[in-house]
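A.B. asks: Give me a 3D structure for the following:
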Amino acid sequence: MKQGNFAHVVYFWLKQPEHQEDRQAFEKSLSTFINNSEFIQTKHLGTPAATDRGVIDSSYTYCLLLTFENKELQDKYQVEEGHLKFIEESSKLWEKVVVYDSENILK
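C.D. replies: I've put the predicted structure just below:
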């Protein structure tokens, strides 16, 4: 699968990560959105891996990694109806979100 030139990585910390109902609601809303986006090239939704090294931060609940062909398509994703609906539905479930965007320098 071809990787995109623009990566969008989002870490979510749920308010109540131990509540399965919250996790299911979050996963359903996010999956519906990313599976129907017209701009996402590749997608990954994960939880902290069972790794233990001093440089690893496993404090988050979910990690979302999306790639796009370019920044312009990622900008369109930001205002996509499904993305806005996901934020509306799920923002009440998280206490913290951190985003890292990067552009590919490997050719």
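A.B. asks: So Lys28 belongs to a helix, correct?
C.D. replies: Yes: assignment of Lys28 by DSSP: H, G, I helix; E, B strand; the rest coil places it within a helix.
A.B. asks: ok, now how distant is it from Ser90?
C.D. replies: As defined by CB to CB, to the nearest Å, Lys28 lies at a distance of 9 Å from Ser90. All C-beta spots, glycine's among them, are computed from the backbone N, C-alpha and C.
A.B. asks: and if you look at Gly82?
C.D. replies: As it turns out, when the distance is counted by CB to CB, Gly82 lies 12 Å from Ser90.
A.B. asks: Repeat that for Ile105.
C.D. replies: When CB to CB is applied, the distance between Ile105 and Ser90 equals 32 Å.
A.B. asks: cool, Ser59 as well?
C.D. replies: Distance of Ser59 to Ser90, computed by CB to CB: 19 Å.
A.B. asks: Looking at those two, which is more packed in?
C.D. replies: Neighbours per residue (other CB atoms under 10 Å) separate Ser59 from Ser90, with Ser90 holding more: 19 against 9.
A.B. asks: residue contacts, the residue nearest to that one when sequence neighbours are not counted?
C.D. replies: For Ser90, ignoring the flanking residues on the chain, the nearest one in space by CB to CB, 6 or more residues apart in numbering is Ser29 at 4.9 Å. With contact taken as CB atoms under 8 Å, 6 or more residues apart in numbering, Ser29 is in contact with Lys85, Phe86, Glu89, Ser90.
A.B. asks: who does the spatially most central residue of the chain bridge with?
C.D. replies: Centre of the chain computed as the mean C-alpha position; nearest residue by CA atoms, centre = their mean is Leu64, 2.6 Å away. Beta-bridge partners of Leu64, counted by DSSP bridges, are Val10, Leu45.
A.B. asks: thought it was touching Leu45?
C.D. replies: Yes: because the distance of 5.4 Å satisfies CB atoms under 8 Å, Leu64 is recorded as touching Leu45.
A.B. asks: Great, nothing more from me.
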